[in-house]
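> Any chance you could fold what I've pasted below:
(6 chains)
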There are 6 protein chains.
Amino acid sequence: MNAIAQAAATVANPITCTLDFEQDGLQHGFLKLPYSRDDSAWGAVMIPLTVVRNGNGPTALLTGGNHGDEYEGPVALSKLAQQLQPEQVNGRVIIVPFMNTPAFQAGTRTSPIDRGNLNRSFPGRPDGSVTEKIADYFRRTLLPLADIVLDIHSGGRTLDFLPFAACHVLPDKAQQARCEAGMQAFAAPYSMRMLELDAQAMYDTAAEEQGKVFITTELGGGGTSTAKSVALAERGVRNVLIHAGILAGEVEQGETTLLDMPDGDCFIASEHDGLLEMCRDLGGTVSQGEVIARIHDIRRTGSAPVEYRARRNGLLAARHFPGLVQCGDTLAVIADVLA
Amino acid sequence: MNAIAQAAATVANPITCTLDFEQDGLQHGFLKLPYSRDDSAWGAVMIPLTVVRNGNGPTALLTGGNHGDEYEGPVALSKLAQQLQPEQVNGRVIIVPFMNTPAFQAGTRTSPIDRGNLNRSFPGRPDGSVTEKIADYFRRTLLPLADIVLDIHSGGRTLDFLPFAACHVLPDKAQQARCEAGMQAFAAPYSMRMLELDAQAMYDTAAEEQGKVFITTELGGGGTSTAKSVALAERGVRNVLIHAGILAGEVEQGETTLLDMPDGDCFIASEHDGLLEMCRDLGGTVSQGEVIARIHDIRRTGSAPVEYRARRNGLLAARHFPGLVQCGDTLAVIADVLA
Amino acid sequence: MNAIAQAAATVANPITCTLDFEQDGLQHGFLKLPYSRDDSAWGAVMIPLTVVRNGNGPTALLTGGNHGDEYEGPVALSKLAQQLQPEQVNGRVIIVPFMNTPAFQAGTRTSPIDRGNLNRSFPGRPDGSVTEKIADYFRRTLLPLADIVLDIHSGGRTLDFLPFAACHVLPDKAQQARCEAGMQAFAAPYSMRMLELDAQAMYDTAAEEQGKVFITTELGGGGTSTAKSVALAERGVRNVLIHAGILAGEVEQGETTLLDMPDGDCFIASEHDGLLEMCRDLGGTVSQGEVIARIHDIRRTGSAPVEYRARRNGLLAARHFPGLVQCGDTLAVIADVLA
Amino acid sequence: MNAIAQAAATVANPITCTLDFEQDGLQHGFLKLPYSRDDSAWGAVMIPLTVVRNGNGPTALLTGGNHGDEYEGPVALSKLAQQLQPEQVNGRVIIVPFMNTPAFQAGTRTSPIDRGNLNRSFPGRPDGSVTEKIADYFRRTLLPLADIVLDIHSGGRTLDFLPFAACHVLPDKAQQARCEAGMQAFAAPYSMRMLELDAQAMYDTAAEEQGKVFITTELGGGGTSTAKSVALAERGVRNVLIHAGILAGEVEQGETTLLDMPDGDCFIASEHDGLLEMCRDLGGTVSQGEVIARIHDIRRTGSAPVEYRARRNGLLAARHFPGLVQCGDTLAVIADVLA
Amino acid sequence: MNAIAQAAATVANPITCTLDFEQDGLQHGFLKLPYSRDDSAWGAVMIPLTVVRNGNGPTALLTGGNHGDEYEGPVALSKLAQQLQPEQVNGRVIIVPFMNTPAFQAGTRTSPIDRGNLNRSFPGRPDGSVTEKIADYFRRTLLPLADIVLDIHSGGRTLDFLPFAACHVLPDKAQQARCEAGMQAFAAPYSMRMLELDAQAMYDTAAEEQGKVFITTELGGGGTSTAKSVALAERGVRNVLIHAGILAGEVEQGETTLLDMPDGDCFIASEHDGLLEMCRDLGGTVSQGEVIARIHDIRRTGSAPVEYRARRNGLLAARHFPGLVQCGDTLAVIADVLA
Amino acid sequence: MNAIAQAAATVANPITCTLDFEQDGLQHGFLKLPYSRDDSAWGAVMIPLTVVRNGNGPTALLTGGNHGDEYEGPVALSKLAQQLQPEQVNGRVIIVPFMNTPAFQAGTRTSPIDRGNLNRSFPGRPDGSVTEKIADYFRRTLLPLADIVLDIHSGGRTLDFLPFAACHVLPDKAQQARCEAGMQAFAAPYSMRMLELDAQAMYDTAAEEQGKVFITTELGGGGTSTAKSVALAERGVRNVLIHAGILAGEVEQGETTLLDMPDGDCFIASEHDGLLEMCRDLGGTVSQGEVIARIHDIRRTGSAPVEYRARRNGLLAARHFPGLVQCGDTLAVIADVLA
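Modelled structure (predicted):
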């Protein structure tokens, strides 16, 4: 922890919670973050949450809406918050369906208040921007309450993914094994073991550094959700709570394909602006050297498109979603199939 | 034609074309529309087009990008403009892949210049807004050149459709039969016979009123395209040109399901803002009275969602795409299966 | 009616109503105006309304939110729509608390969609902008249903008024007398007889041209409402419905001061930008030649302010509300006290 | 002071003053803060100020426009800067009527440059944003010059207050007594003793930490001022200068009611969006359990409003001003009457 | 005049003038155009003007700021309005230095209110947008008062011109001769005879259709003015007033080069976006086939630029000013030298 | 280096380079800076660069586009990157024509992403904003590779300069002498010796602190470039490379006038908003007390302008470029002529 972080650690976070985490029963309420601004001098950002507690069993912290344009988490967790009853629970479930609430309510990846990308804002600051305050509160208040942490992501408006649960390669192999067991319990159609290259500012890392069992997902994308993708999320949440010993019953297993993204050759990035033509669809098999995308000129007709080729064999695991593409955008991700 | 339209008809359209429609061979160029503005006093909107001509056979006018966030048409027609050679053609093919170019280049349904929805701007005006000038030019200059008109649509960023070609119920039944034959030739997985309720300002109507064979499509949505949806568009375009006698060869038939949207009960509109949960996916069968969507509160957890139910039996042919929904949005369209 | 208006009159208005105006009982619903746009291809503007009907008595059309930043009408009419029961009514009450709904929901005088000022958009157009379509619908569909029309205004964010009900000087003196009786029934603290100089595009005029009894108000301003100003609106609405024979009971009279704004000398307009210092408050008596406002320089200290003086004796009936003022703004209105 | 503040303290503030604080006489000029931007590569923020000095008596630092949409301070201090003569003064008066000049000139609470809320930006940074540079300059350059500091606030566009002067509960009771004496001298209709819960980043705290006599006010709100509220400000300023021994004469006493806001139950916050109906007005007496506000649905008619009730007895001392309200906004503040 | 224009002609223009055009002496005042908007319900656009009159001699109407980012006219005419005295005048001088005042105050070519380009808005409409109302007022009120009309233009932010006065080729050759005499009197370094291809909506045409002597200019560009270019404007204005018999004295002649822009080959338009490299400067001689500009890629280094070549011999009379260029922009204008 | 900088120095910069700086030959590629945002979750800022290397000779780092609206550098360096061949080079040339690429592509001084002014962002931060990351990468990765650094500036959209090369007064006189030799080699028409008053956050300082030979320029302004100004830049670049021993040949000398800006009296700043009239042009001689600019009122005609006078003798070396001016803008810079 550097000098800035040390200084920040001495300041109290201004967020207050309208609920009592130690109280048994079902509570719906808010995290309240004072936010003085032009259109409300004494206003606040209100982050809805639900706490269901029954005795001293383990605690699960379930989050959606870490990015504001990803919908499987918000739908599945909103439904859970409506349905879950204390008598079903052994321990505690903390449900935050719209983690970056300002981003979620705007339908954008980042916060309209400070353009903060919550998952690039950890460890956060109690005296920073609105998004940094939220990060600091999760890191210093909510994560310490949890034994197991599930953060549900999808691709958002600009990416589309094969549906997978994921865990990270961690220095503590025992912790990694616990995370992998959680990922397996989620039972998504695909499971991904990720070596995160730039993990420094992520929620994942903040949770893992506290030794938590941390599971994340990518369940689709495009800024939408479907009956099918929501069903995956609901089953995964239920399975994880059963796996954690909080809900009774058996984990409902499904078939899963184990994937890996071992190095930078998996990622194809665009060096052009233009109209994107994907030549393979998600889940399709690709071979090294094959054209997987073309970019066409949007200023004129008749000029040849630029071709992008696969640099390795694998399976198309993710793609740029919008029909137009900009220089620098990730066009495609090709994953290894492990099993 | 009312007084306003009559007045407009006497004014010349300021758009000029850098190509000669009567010249044999392959030409790539622009429709040039002068547009004086803050960041360019003597600037212009440049709409790319390609003309391929070989003798006096029939003329096909092929368009994409009528709405700027629909991508199957732009990709398939950009590729056609790159590949089509005069010697393959009998007659003439006019290709305008990005009809509302300012909207297309911005990636939005409507034009960033005047927020014009081109397909609600006909008959247009030569002295109107930029979008109205484009409409007037298509109506008075390009449509009269054509025998057959194919306008390729998809759902755009905010709608998703089953892939279908479509034609309208027309007063002239001989014309309608020619249009239906064109629709069948396109050979999309679904084919839709539409009674357009509010057709007054559409390109479709401008073409049909001139007696043209007019075919339109909806080939997906969400503001993206896939390898699969582009392949449908490319096959359809080729089939239509063969059907029209412009390309040699045989129409490549596929299986198609004939659909109908006979009345207002097909459309489910939202009366709430919130987080959308679709309970059926595109192509799924629905029964009258069944819950097909729920809208969840985005301000708090724990409150019951609003349920929307089907008012008729049928098949889910279209849906609202984004994860959030606003009061007034069309949530779902349920079509009759005719065959 | 000129050529444009004649052309427009032959086009159907695209707004549909989810209610049946001829049905007895209490109905809550919407005026639905299709509005295709970037963030909803098949969306709609939804204008909430309530109809309460009991037999064939007279019809009152009650509106608020003609300007979107005026709140006494929306509050009083929302409450009426929640409380009014068919059995209390003889005839029909049509309640539209948020007439220009897009403006009202944005909290702005004009519509965020087209910057339309609804009360400067009459007679409207069925094929015009969103605001013009709303105006056309009121003129051609709702006003013809009404016998008495009450449109509740306040000053909005940028003006503040003494609370008054008003009627216009009309060519038909019998109609004017009926309007004055309605204004008296409203029983505001002040009553204003207005000679509207620029009435051409107003809702008022559209109603008066159809021979309706038309009453309008200004009940405060600043973009807020108070317990006191809402009570005035509620009493006025109830009084007007009793006066019209729709509600039973007696009009609750209050003391009212009759005012007049006979000519242009009543209006003091700013020819400077700056910081406004009002030297008199609303309701204060002013004498010709007296300084009623100063404008101070906001770029520097120490320079003398510009002084604005009254050009007539009277009572300060309206003022510019915000603390800053621009060249061209109306600073103050001085009214004659008639009684 | 943490590591960040220590680092900052070694950097010179780039603001220069065009005046000489040590020179006798009347000077009008600017604080000049270089601000390089797209529309002026070598531009500056210019903060107007006036210094009136006559010998070595005490120094008063008088500020308005700390928030840019509050007008009693700017008007009263602009007038003082125009009128005050050195010969009237014993010591020095530093007048900054528009403390956050960019915010004031835009008419907004926060700065349009960096959205900085000046009164949440202390201690500031010499190498930070424009607002942070202003804060640092006040803290390190202007406050050390002062013996007594008066910062005139009102509610701004989004709050409305009973007019009061205020001082804080301070650890140094002798200092607190001096501040209370200053507050009493101001002689507003109400006087408020405040226990500031979140004072860390306020100008108030920066002044108090330097041992200054600090007085603040809330003199109305809504983003306007009135003849009456400006008169209160002018009398208060004159009184404070007399009290400080800088102006000759007697403090002009008025009747004042002493108020207290002892705990969080004083504040009523909204958990809903909608149309606000206040059921009590400023200065009104409220009882615990009483409905003081309702929030009505702006999406539909006929649904019941949400009711907000007082959690304690008292007097309505502040309210949300605009007609619409958002989840998280402070609806009302209920104060104890001490005397 | 078509049906729309005829309808418009029966409506009074809402603009009022605070001055009396028939009164002798010096008057400074405003054209006042009521403009109700979100930030001022009862606001107005205020267009400053000066009238200097002395008896019944001829009337000159002098305008600058027709486009809001052109500065020679506004500076020269502001100075004239400050300096001209009635006793110097025979007849009347009407000076409007900032014709499209909202555009001028924003520093943009078009109006920030409605994006109206005033010089493409004639004949205007009394019930149209703000810019259309200004056009209608000039056409129906100010132009009929004038004998000679001088409208001072420059290139604005996005064009740069050799300094010239200009007149049009007109059907009435006697009128054309009077205009040419006026152009010669202006005595700019260059004089341009223009065949306007798209004159329909220009102020020029509105003036010429009323038989007025009309002179226009282009005196530089880039959104600036220089001591040199302002001196040209001031001399030209004085010369034109002397030529018209309004000021006494002799026209101060200078050397002028007569230019012509006979056809479309004079204009070089860009078909690419990018970084502009001009290979010739204003006033330079160019030969057919010569490279006059290159456009470089701004997305990458190392790719060859696109070259644009002259299609005729001549002199570089105008160029695109900004360093970046968009597809459709006019890069350069090459004029014929007549004398 | 303070605590913050020390903390930052331990974090790796996320920018990667697609080229190998140690490889002989010609390479075109990108600096790739990951940038996750609403319109591209996995996007990147791509900064084009070219490296030409031939053996172990000295390294020159050549940059343009440090401010995004200055064009001589981008044009001259784009051309150099297209033309320079390894066999011409002894050592290495690193060419970054668009240093602040987001600003350059937007045509603005500062970055549209974070409004960062790159030349006020040093030393930068690897975990800061996009602009701060770029600064950190130049400081810690590119500058250490260089022996000589040339950063080509112009005035941008809002300033205009006499064309000069410049170096700074440095504490190390031997280094200063090497810089002056480089400046002389550039051979601009003017050469400026600058005592930078506020150099703390500049690229210049970052280079000089590492002991590099650093040369900067101002080659014109207004947001454009001309054939003439680009020729100056191209000659200067070539000369500097020859001077450094990287290119063969002789420095092409030109006549240069040596200038100095010794103190604050050189700068004339505006204290008013309005219409700017410059009374002297660039390169003109001015005398103390002479009027060099006037500012006219844009709200009304007939009021006297404010006059600004020279406070010293000299030559007009720079001016505010746009036709309008704001309070705080630098109007003019008057330089001493040394030789």
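> what's the nearest residue to the residue of the stretch 51-200 of chain A found nearest chain C if we skip its chain neighbours?
For the stretch 51-200 of chain A, the residue closest to chain C is A:Gly107, as judged by CB to the nearest CB, at 8.7 Å. Yep, even glycine has a C-beta here, placed from its N, CA and C like the rest. Nearest residue to A:Gly107, sequence neighbours excluded (CB to CB, 6 or more residues apart in numbering or on different chains): B:Leu324, at 4.9 Å.
> From chain F, how far out is the one you found?
14 Å (CB to the nearest CB, to the nearest Å).
> Quick check: bridge partners of that residue?
B:Leu275 (DSSP bridges).
> In this structure it contacts B:Gly274, no?
Yes - taking contacts as CB atoms under 8 Å, B:Leu324 lies within contact range of B:Gly274: 7.1 Å.
> Between the two, which has more neighbouring residues?
For B:Leu324 versus B:Gly274, the count of surrounding residues by other CB atoms under 10 Å in any protein chain shown is larger for B:Leu324: 23 against 19.
> State the pLDDT value of the more buried one.
Predicted confidence (pLDDT) for B:Leu324: 98.
> who are the neighbours in contact with it?
B:Leu324 makes contact with A:Gly107, B:Asp273, B:Gly274, B:Leu275, B:Leu276, B:Ile298, according to CB atoms under 8 Å, 6 or more residues apart in numbering or on different chains.
> Model confidence for the residue sitting nearest the centre point of chain A, exactly?
The centroid of chain A falls nearest to A:His153 when counting by CA atoms, centre = their mean (3.1 Å). With respect to pLDDT, A:His153 has a value of 98.
> Pull the contacting residues for it.
Applying CB under 8 Å, 6+ apart, the residues near A:His153 are A:Asn66, A:His67, A:Glu70, A:Gly73, A:Thr216, A:Thr217, A:Glu218, A:Leu219.
> Tell me if the third one really is in a strand.
No - with DSSP: H, G, I helix; E, B strand; the rest coil as the criterion, A:Glu70 is located in coil rather than a strand.
> Against chain D, how distant is A:Glu22?
Relative to chain D, and taking CB to the nearest CB, A:Glu22 is found at 20 Å.
> so what's the residue nearest to that residue when sequence neighbours are not counted up against?
The shortest distance from A:Glu22 to any non-neighbouring residue, by CB to CB, 6+ apart, is to A:Arg53 (7.7 Å). By CB under 8 Å, 6+ apart, the contact list for A:Arg53 reads A:Phe21, A:Glu22, A:Gln23, A:Asp24, A:Gly25, A:Pro86, A:Val89, A:Gly91, A:Arg92, A:Val93.
> Which of the residues you listed fall in strands?
Among the contacts of A:Arg53, the ones falling in strands (DSSP state E) are A:Gly25, A:Gly91, A:Arg92, A:Val93.
> Pull out the buried residues from these.
When the ones in strands among the contacts of A:Arg53 are checked for burial by 16 or more other CB atoms under 10 Å in any protein chain shown, the buried set is A:Gly91, A:Arg92, A:Val93.
> per-domain residue ranges of chain A.
Segmentation of chain A into domains, based on the TED database, reads A:14-257, A:260-335.
> Determine which stretch of those is the most buried.
domain A:14-257 (a mean of 21; mean count of other CB atoms under 10 Å in any protein chain shown).
> Please state the offset of that one from the chain centre?
Here domain A:14-257 is found 7 Å from its chain centre; the criterion is CA atoms, centre = their mean, to the nearest Å.
> Then stretch A:250-259?
That offset, for stretch A:250-259, works out to 19 Å (CA atoms, centre = their mean).
> how about the helices of the stretch 1-150 of chain A, start to end?
Assigned helices in the stretch 1-150 of chain A, in chain order: A:3-9, A:72-83, A:101-106, A:130-137 (criterion: DSSP state H, counting those that start in this stretch).
> Please list all residues in contact with A:Arg309.
A:Gly289, A:Glu290, A:Val291, A:Ile292.
> Surely the second one and A:Arg311 touch.
No - the pair A:Glu290 / A:Arg311 is not scored as a contact, 10.1 Å apart, by CB under 8 Å.
> Name the residues contacting each of these two.
Counting by CB under 8 Å, 6+ apart, A:Glu290 and A:Arg311 have no common neighbour.
> Check chain A for its longest helix and report it.
Counting by DSSP state H, the longest helix found in chain A is helix A:227-243.
> and the next element down the chain from that one?
Where DSSP states H and E defines the elements, the next helix or strand beyond helix A:227-243 is strand A:257-260.
> So what's the gap between that next one and the chain middle?
18 Å.
> Around chain D, pick out the residues from chain A.
A:3-4, A:6-7, A:10-11, A:14, A:30, A:32, A:34-46, A:127 (CB under 8 Å from any CB of the partner chain).
> Tell me who's in contact with the nearest residue to A:Tyr71 once chain neighbours are set aside.
Among residues not flanking A:Tyr71 along the chain, B:Gly323 sits closest, at 3.3 Å (CB to CB, 6+ apart). By CB under 8 Å, 6+ apart, the contact set of B:Gly323 is A:Asp69, A:Glu70, A:Tyr71, A:Pro74, A:Val75, A:Gly107, A:Gly223, A:Thr224, A:Ser225, B:Leu275, B:Leu276.
> quick one: contacts for the nearest residue to the last one once chain neighbours are set aside?
Yep, that's B:Leu276 we're talking about. Nearest residue to B:Leu276, sequence neighbours excluded (CB to CB, 6+ apart): B:Val325, at 4.4 Å. B:Val325 makes contact with B:Ser270, B:His272, B:Asp273, B:Gly274, B:Leu275, B:Leu276, B:Ile295, B:Leu331 under the criterion CB under 8 Å, 6+ apart.
> just to revisit the earlier point, output the contacts of A:Arg53 in CSV, with pLDDT appended to each entry.
Listed next are these as CSV, based on pLDDT from 0 to 100:
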residue, pLDDT
A:Phe21, 98
A:Glu22, 97
A:Gln23, 98
A:Asp24, 98
A:Gly25, 98
A:Pro86, 98
A:Val89, 98
A:Gly91, 98
A:Arg92, 98
A:Val93, 98
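> separation between the residue nearest to A:Gly107 and F:Arg37?
Separation of B:Leu324 from F:Arg37 (CB to CB, to the nearest Å) stands at 19 Å.
> Please list all residues in contact with A:Arg280.
Contacts for A:Arg280 (CB under 8 Å, 6+ apart) come out as A:Val286, A:Glu290, A:Ile292, A:Leu316, A:Ala332, B:Ala227.
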